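Peer 1: Sequence below, structure please.
(chains A and B)
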Number of protein chains: 2
Amino acid sequence: MRRRALGIDLGGTQVRAALVDADGAVLRRASARTDVGGGPPAILAQFARLMAEIGADTATLAGVGVCAPGPLDSATGTFIHVPTLPRWEGFALRDRLAADLGLPVVVEGDAIAAAYGEWRFGAGRGLDHLLYITVSTGIGGGVVSDGRLLHGRRGMAAHVGHFRMATDGPRCACGAVGCFEAFAAGTALDRRARQAVLDHPDSLLASMAATDPAHAGHVVEAARQGDAVALRLLDQEAAYLGEGITSLIHLYSPERVIIGGGVSNGLDLMQARIHRVIEETAMPSFRDVRVVRAGLGDNAGLVGAAALILFDERRRAQA
Amino acid sequence: MRRRALGIDLGGTQVRAALVDADGAVLRRASARTDVGGGPPAILAQFARLMAEIGADTATLAGVGVCAPGPLDSATGTFIHVPTLPRWEGFALRDRLAADLGLPVVVEGDAIAAAYGEWRFGAGRGLDHLLYITVSTGIGGGVVSDGRLLHGRRGMAAHVGHFRMATDGPRCACGAVGCFEAFAAGTALDRRARQAVLDHPDSLLASMAATDPAHAGHVVEAARQGDAVALRLLDQEAAYLGEGITSLIHLYSPERVIIGGGVSNGLDLMQARIHRVIEETAMPSFRDVRVVRAGLGDNAGLVGAAALILFDERRRAQA
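Peer 2: Residues are numbered from 1 along each chain as shown, chains lettered A, B, ... in the order given. Predicted coordinates:
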């Protein structure tokens, strides 16, 4: 059996490729700025260049796993509608790439691929049930339940950013009001940070954000240095995360919740508060679920996509 | 292979038993008032009496499926904590019953068993992904995803009544504030109906509820006769259900949502509004999901519990 796979993470900004071995180690990787305007043909050419760059030889690969922002239909490997990737609507990437390369190809939503990567090689190794949440520009998720990746109709399960946790509140990127994502995503924290800078011009946070607009990264950094304004912002963020996670625990019953994405850099500062929300408001039998940081960092999607090939998840799902 | 199974539905009020054939037909059934005070020994004796009453012969049974209110650990068939069944905490019903009868036994949460029954024999037949929601005293649920029942840790997945859809609002039976259940369960509709009777003493609803306190059943009946007060109450109920279902669709991506429980008697009057909420507020690729009424009515849990045996779900889950 071929023991290496290629993982490709196709994002709205960057496209990255990595050669991943059977232990989840990234052997080589390369990246490029996504040629958004060029549509599928341009990006397929980028895939080929990145493969050449890392010396990926199709003769030695078990296959190619691609992850991309959703919603996409992972059952058929077809894009549905990706706001950051116009011109991809309806494009059957899996079949096209499989034909071009003569290899098995899996196409999966990026958060679901990351969940899979964390399960096989990261902070969820050995579990039967886990919930992965990426807290970044938006909030995405992936679920492993009963020892299997949860797909749902057209592979669209676990859009965890889009349950409504309030009947009013900020408008979400999806158009609705009150989504978990609208409260707790990195962009929501960015927005609150910018407001806090206006309200507290003498804070350390304000001085850090003197040259570019305040964002979540500044908040985490200032909080580590003890800035009270930043600590309050993180406490608020932790409360939103805790509330959202508490709801999701009741829905999926994971053994563990794994947090990835940019905001997870500050998870250590928020963990106590998140756990307190769970302990105080979840039903008793769910209160011991712990929330931990992702183990694979930025590589979760890339490694997870490759892992979908390495563990032959596609055939398992069809079994 | 033995082609019949016994289904037992152990509720806080009634315990029911049915002999179910391989097509999901209830051949014989019997019920008794649950001997709550007697605890496990008394109820095991009730099981035996009900089995005798319907002539269930262990020599011809494939096994026994029991469903009961959760949370219960369906992985081990052990009760965790059931508010309506004190003295059952930690009781290993599956192993005890299996030893007593010398038969395979499955113990499952009632809404999950009902979801299974609807999948195998009811409104979800032939689907790979469905969400079942029972709207009754509380709100419970069960999920089939990727052609399998979703269990999660300790079999506690799909506590769909307990995600928070608002940061304030009525207090839920679980102790938290803002749960879907607290807004949309039958008891919440009962409460709004009683208030409406006070506010509109000349309404048809008020006249129907002259002798006993207004409840959801009155609302549905009065609405069918065109009572404006009752129609408004159902419209409000439909809006809550639509909001909750929209969130849940993003989380599980079912092909269809199936509604059971007492409130589903009025689903035909609420369907248009529920669908409108989904069409207007779900993400585009989820908007075509339809909400239908359960096909097995009161028998969903009973038949579903037996079906867990008939389809050997226990072994499938372990595979």
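Peer 1: what helix or strand is the nearest residue to residue A:62 once chain neighbours are set aside on?
Peer 2: Spatially, and ignoring its direct neighbours in sequence, residue A:62 is nearest to residue A:2 (3.9 Å; CB to CB, 6 or more residues apart in numbering or on different chains). Backbone N, C-alpha and C define where each C-beta goes, glycine included. Using DSSP states H and E, residue A:2 falls within no helix or strand.
Peer 1: distance of residue A:98 from chain B?
Peer 2: Remark: distance between residue A:98 and chain B (CB to the nearest CB, to the nearest Å) = 22 Å.
Peer 1: which non-adjacent residue is nearest that residue?
Peer 2: Closest residue to residue A:98 apart from its sequence neighbours, by CB to CB, 6+ apart: residue A:105 at 4.3 Å.
Peer 1: And the pLDDT at that neighbour?
Peer 2: pLDDT, residue A:105: 96.
Peer 1: Tell me, how many residues neighbour the residue nearest to residue A:62?
Peer 2: Residue A:2 has 14 neighbours, counted by other CB atoms under 10 Å in any protein chain shown.
Peer 1: and what of residue A:145?
Peer 2: 25.
Peer 1: mind listing what the residue nearest to residue A:98 touches?
Peer 2: Contacts here follow CB atoms under 8 Å, 6 or more residues apart in numbering or on different chains; on that basis residue A:105 touches A:63-66, A:77, A:93-95, A:97-98.
Peer 1: coming back round to it: verify the stated contact: the residue nearest to residue A:62 with residue A:57.
Peer 2: No. In this structure, residue A:2 is not within contact of residue A:57 by CB atoms under 8 Å, at 10.3 Å.
Peer 1: where do the strands sit along the stretch 101-250 of chain A?
Peer 2: Taking DSSP state E, counting those that start in this stretch as the test, the strands found in the stretch 101-250 of chain A are A:105-109, A:130-135, A:139-145, A:148-149.
Peer 1: before we move on, back to that, give me the common contacts of residue A:2 and residue A:57.
Peer 2: Counting by CB under 8 Å, 6+ apart, residue A:2 and residue A:57 have no contacts in common.
Peer 1: how close does the residue nearest to residue A:62 get to residue A:34?
Peer 2: Counting by CB to CB, to the nearest Å, the gap from residue A:2 to residue A:34 is 28 Å.
Peer 1: what are the ranges of the helices in chain A?
Peer 2: For chain A, the helices identified by DSSP state H occupy A:39-53, A:93-101, A:110-121, A:180-184, A:186-199, A:204-208, A:216-224, A:228-252, A:267-281, A:300-310, A:313-318, in order along the chain.
Peer 1: I'd like to know how many residues surround the residue lying closest to residue A:39 once chain neighbours are set aside.
Peer 2: Nearest residue to residue A:39 in three dimensions, chain neighbours excluded: residue A:87, at 3.7 Å (CB to CB, 6+ apart). Neighbour count for residue A:87, taken as other CB under 10 Å: 16.
Peer 1: tell me the domain ranges of chain A?
Peer 2: Listed domain ranges for chain A are A:4-117+A:299-318, A:125-294 (source: automatic domain parsing).
Peer 1: right, and these - which one's nearest residue B:150?
Peer 2: Minimum separation from residue B:150 across the domains of chain A (CB to CB) falls at domain A:125-294, 5.6 Å.
Peer 1: okay but residue A:256 is in contact with residue A:294, surely?
Peer 2: No. Between residue A:256 and residue A:294 there is no contact, the gap being 11.1 Å when judged by CB under 8 Å.
Peer 1: Please name the residues that touch residue A:235.
Peer 2: Contact partners of residue A:235, counting by CB under 8 Å, 6+ apart, are A:270, A:273.
Peer 1: let me redo that: residue A:238
Peer 2: Shown in contact with residue A:238 (CB under 8 Å, 6+ apart): A:269-271, A:273-274, A:277.
Peer 1: Just give the closest residue to residue A:28, not the sequence neighbours.
Peer 2: According to CB to CB, 6+ apart, the nearest residue to residue A:28 is residue A:54 (4.1 Å).
Peer 1: next one: residue A:165
Peer 2: residue A:180 is the one closest to residue A:165 (CB to CB, 6+ apart), at 5.2 Å.
Peer 1: Let me know the pLDDT of the one you found.
Peer 2: Per the predicted model, pLDDT is 96 at residue A:180.
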